[in-house]
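Peer 1: just the structure for this:
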Amino acid sequence: MEDMKPSVTTLNCADGDDIDARFTTLCKNGLSLDEKTCMEAMKLFKETKHLLSSNISAFGSGMLEEAERFWFSFVLYSLKQLSEKSGENVQQGSEESGFTLCQILRATKINISDFFKELPQFVVKAGPVLSNMYGEDWESRLEAKKMQANFVLLSHLSKSYKRAFWELFLTSDADIDKQQNVTSAPDYVQECHRFGWLLLLALRVHAFSSFRDLVTCANGFVSVLAILIIHVPVRFRNFKISDSPRFVKKGDKGVDLLASICNMYDASEDDLRKTMGMTNKLIEDILKKKPCLASEYKTETLENIDTDGLIYFEGLMEEQSIASSLNILEKDYDDAICNKGDLDERVFVNEEDSLLGLGSLPGGAVNVAGFKRKFDSIASPSKTISSPPSPHCSPASHANGVCGPTSAKMAATPVRTAMTTAKWLRTVICSLPSKPSAELQHFLSSCDKDVTNDVLRRAHIILEAIFPSNNDRSVTGGLQSANLMDNIWMEQRRLEALKLYFRVLEAMCTAEVQILHAPNLTSLLTNERFHRCMLACSAELVLATHKTATMLFPTVLDRTGITAFDLSKVIESFIRHEESLPRELRRHLNSLEERLLESMVWEKGSSMYNSLIVARPALSDEINRLGLLAEPMPSLDAIAMHINFSGGMPTVISVQKHETSSGQNGDVRSPKRLCTDYRSVLVERNSFASPVKDRLLAFSNLKKAPLQSAFASPTRPNPGGGGETCAETGINIFFSKINKLAAVRINGMVERLQLSQQIRESVYYQFQQILSQRTYLFFNRHIDQIILCCFYLVAKVCSSYKIF
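Peer 2: Next comes the predicted model:
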């Protein structure tokens, strides 16, 4: 066992001096920072250098030189993000800071993918230092999770855009040589490809505002494809529009272009037409091109296309002028984004740019999970088992000499799957009324008193808290337009969540009446926590469908005042009672429940401890000593007041502090738990492409108690009988889920390590014993830590050292 330990490299004094010199050289020569910024960077570096010395093996391959480059990049990124957003630097802007994230990565020779893989390690190690230097809100200001999520979103988007572009337009010199008088074709097609991406980035900057979710951006790239089809000369097309299997929507006037593209990508035609209007307006405003009605314009690119409702820009894609248009779009992007120091999103179409670093990722997936990836692949089978997404893949054909799908349906990709799931939300949920149905109204009015108004008021307040409107009237011009777009987006999401909430609530009430054999559901329908969990679950599914990069879990917990344990009570029921739920959303809820069970329910402030102290009185002293009990849930009036005072943007009033690096008693949170938070940004919210199986946490075979007992007071007797309190019933069900999750992970490790059945049973037995007899060992810990300890214990007892 000794020879399996990794070597740990440490720094001596001479090495430390050399590293200081190299960091100074990087700041002055590599990034040309001014003296003040260099001093600030060196101060942060010296405060954290001792952490690098003791954690060299944790970064990359574990070599000193590589770990050093990672640490340099993290320090500089933290300096830029945190110093810019404090005090006088807010007014100075980022141009004076002199460097961007891409410049940092080029100077340190690190690609974006690797940077985001290792960044969570730095956040864990350096968190206390950053908190002392930049304040307790440093983590939210660092925006690491948002940047990670945005990187994943853009990676998926760029891959789908590239695939779609090269399916529609000529891809090789051989194809181009077949055309006549096209000597400059290779460069021109590449310029068209770049033009489309820059136009999409302009949409993200000017039209989509702060909520650049994947579905909205996908509508943007579909609109860009339509613009390209209309304007790129026919000789560069890879299809014949009159007989292509892609363009199946046809009428007397020719191919309905927008309807055909919507059919290809499961997009909403109404949404696409709105996005096309935004795209056309950008072309008019930024490129100064005059819009013309396509129906009044005769050109080869519009032949066999129904031009009603389409706009044409003369000379937009001419070979002689496209370079000028590219320069204008480049400058517009520079002015809008790059001077802010954000990720330069143009790298996704710079094929020669080594910054991207996506080639080394397995299966083309963007998996930038942060912590101990080898352990994750062993400990959690759900992270490695492949499972195809639901949209079917059409077989390839060679129609018209073009290799591609025989129908308009494209191959499954994260973007395609997101659009398919959004179609379910659009067609199944959005068509429902935004008020309780007659059946649900009957349940609400059959309580001891009619609770309809209470339900409606609560739904309005909670959904406004989750999807807040920005009512700041002091802004003008472009910011005012951006606020309007944000408010429209928020209103649409509120309506979707509200309709889904009413639909599932009705199904749950119907099932509850059958279980209790009583039509009166007063206990359940007057329970504040139950309704908030239902609203939070509905909102999370809406957010997961649209795949936002800005509103990540646990946002819904923070803004509704519930805890992870509360939400875990409704997930299985929610899945069971919404039969039309797409498989991708079932996966998302399953992976979310896994995340809740493995760590979040054990965190300080979880309401699980309020039930555990009743169900297991012997643990009360330890729970109270550690201060683990949840604080009272904030009232609806308190949440409504926060919304009003903040102009529609609610401050976080959650009882759980997910963003802080230490608890109220100074207990530093587990590194494993923090990095699970970061993994969720990139894997679990990205569950459409995640290998989490649908049935991983299928707890339907567990004991089913009435929902009202799950949310009743912990000390109340269980209405189902048996002499148990509601707390005891709830904790027993909760422990059963924990044991089932542990069994899956233990089984996965045993199979991968090819261990015996005896070891499997011994490890699982030890885990069960610890959970039931030494429950306090789980407090503030991740269950994977307990599982590893069980393996280590069995290894020591069996003298089978190799397994650990």
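Peer 1: only C-alpha atoms for contact and neighbour calcs from this point on.
Peer 2: OK.
Peer 1: check which helices and strands the helix or strand containing residue 421 sits against.
Peer 2: Assigned by DSSP states H and E, residue 421 belongs to helix 414-424. Counting contacts by 3 or more C-alpha pairs under 8 Å, 6 or more residues apart in numbering; DSSP states H and E, helix 414-424 packs against helix 144-168, helix 214-231, helix 257-265, helix 528-546.
Peer 1: just the mean pLDDT for that helix, thanks.
Peer 2: Averaged across helix 414-424, the pLDDT comes to 90.
Peer 1: can you pull out the helices in the stretch 651-800 of the chain?
Peer 2: For the stretch 651-800 of the chain, applying DSSP state H, counting those that start in this stretch gives helices covering 671-679, 707-710, 726-753, 757-773, 783-798.
Peer 1: re the thing from before, let's see the helix holding residue 421 as PDB, backbone CA atoms only.
Peer 2: The C-alpha trace of helix 414-424 is given here as PDB (Å, rounded to 0.1, in the frame of the first residue of the first chain):
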ATOM      1  CA  PRO A 414     -27.200  18.800 -26.100                       C
ATOM      2  CA  VAL A 415     -28.700  21.800 -28.000                       C
ATOM      3  CA  ARG A 416     -31.000  19.500 -30.000                       C
ATOM      4  CA  THR A 417     -32.100  17.800 -26.800                       C
ATOM      5  CA  ALA A 418     -32.700  21.000 -25.000                       C
ATOM      6  CA  MET A 419     -34.900  22.200 -27.900                       C
ATOM      7  CA  THR A 420     -36.900  19.000 -27.800                       C
ATOM      8  CA  THR A 421     -37.500  19.300 -24.100                       C
ATOM      9  CA  ALA A 422     -38.400  23.000 -24.500                       C
ATOM     10  CA  LYS A 423     -41.000  21.800 -27.100                       C
ATOM     11  CA  TRP A 424     -42.600  19.700 -24.400                       C
END
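Peer 1: quick check: mean pLDDT across the very next helix or strand once past it?
Peer 2: Using DSSP H and E, the helix or strand that follows helix 414-424 in sequence is helix 438-445. Average pLDDT, helix 438-445: 94.
Peer 1: now swap in stretch 36-49 and tell me
Peer 2: Averaged over stretch 36-49, pLDDT sits at 92.
Peer 1: hang on, the earlier thing: buried residues in the helix holding residue 421?
Peer 2: For helix 414-424, a neighbour-count test (16 or more other C-alpha atoms under 10 Å) marks 414-424 as buried.
Peer 1: got the angle for it vs helix 257-265?
Peer 2: 110 degrees (axes from the mean of the first three to the mean of the last three C-alpha atoms, to 10 degrees).
Peer 1: what helices or strands is the longest helix along the chain leaning on?
Peer 2: In the chain, with assignment by DSSP state H, the single longest helix is helix 477-516. For helix 477-516, the packing partners by 3+ C-alpha pairs under 8 Å, 6+ apart come out as helix 438-445, helix 452-466, helix 528-546, helix 564-577.
Peer 1: what does the last one contact?
Peer 2: It refers to helix 564-577. Contact with helix 564-577 is made by 504, 507-508, 529-530, 533-534, 536-537, 557, 581, 586, 589-590, 593, 596-597, 600-601, 606-608, 698-700, 710, as judged by C-alpha atoms under 8 Å, 6 or more residues apart in numbering.
Peer 1: after it, next one along is what?
Peer 2: Next along the chain from helix 564-577, counting by DSSP H and E, comes helix 583-598.
Peer 1: and that following helix, what does it pack onto?
Peer 2: For helix 583-598, the packing partners by 3+ C-alpha pairs under 8 Å, 6+ apart are helix 528-546, helix 564-577, helix 726-753.
Peer 1: ok, back up a step: now the helices and strands packed on helix 414-424 in TSV, with mean pLDDT and mean neighbour count?
Peer 2: Shown next, in TSV, are these (pLDDT from 0 to 100; neighbours: other C-alpha atoms under 10 Å):
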stretch	mean pLDDT	mean neighbour count
helix 144-168	88	20
helix 214-231	92	23
helix 257-265	90	22
helix 528-546	95	24
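Peer 1: who wins for proximity to residue 320 among those helices?
Peer 2: Nearest to residue 320, of all the helices and strands packed on helix 414-424, is helix 214-231, at 13.7 Å by C-alpha to C-alpha.
Peer 1: report the angle between that closest one and helix 144-168.
Peer 2: For helix 214-231 against helix 144-168, the angle by the same axes, to 10 degrees is 30 degrees.
Peer 1: just the C-alphas of helix 214-231, formatted as PDB.
Peer 2: The C-alpha trace of helix 214-231 is given here as PDB (Å, rounded to 0.1, in the frame of the first residue of the first chain):
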ATOM      1  CA  LEU A 214     -29.300  27.700 -24.200                       C
ATOM      2  CA  VAL A 215     -32.800  27.600 -25.700                       C
ATOM      3  CA  THR A 216     -32.800  31.300 -26.400                       C
ATOM      4  CA  CYS A 217     -29.300  31.100 -27.900                       C
ATOM      5  CA  ALA A 218     -30.400  28.100 -30.000                       C
ATOM      6  CA  ASN A 219     -33.200  30.100 -31.400                       C
ATOM      7  CA  GLY A 220     -30.500  32.700 -32.200                       C
ATOM      8  CA  PHE A 221     -28.300  30.400 -34.000                       C
ATOM      9  CA  VAL A 222     -31.300  29.000 -36.000                       C
ATOM     10  CA  SER A 223     -32.200  32.600 -37.000                       C
ATOM     11  CA  VAL A 224     -28.500  33.100 -38.100                       C
ATOM     12  CA  LEU A 225     -28.800  30.000 -40.300                       C
ATOM     13  CA  ALA A 226     -31.900  31.400 -41.900                       C
ATOM     14  CA  ILE A 227     -30.000  34.700 -42.600                       C
ATOM     15  CA  LEU A 228     -27.100  32.800 -44.100                       C
ATOM     16  CA  ILE A 229     -29.400  30.600 -46.300                       C
ATOM     17  CA  ILE A 230     -31.100  33.700 -47.700                       C
ATOM     18  CA  HIS A 231     -27.900  35.700 -48.400                       C
END
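Peer 1: what is that helix packed up against?
Peer 2: Helix 214-231 packs on helix 144-168, helix 185-206, helix 257-265, helix 269-286, strand 311-313, helix 414-424, helix 528-546, going by 3+ C-alpha pairs under 8 Å, 6+ apart.
Peer 1: next helix or strand past the longest helix of the chain?
Peer 2: Next along from helix 477-516, by DSSP H and E: helix 522-525.
Peer 1: quick one: average pLDDT of that following helix?
Peer 2: Here helix 522-525 scores 91 as its mean pLDDT.
Peer 1: likewise for stretch 573-590?
Peer 2: On average, the pLDDT along stretch 573-590 is 93.
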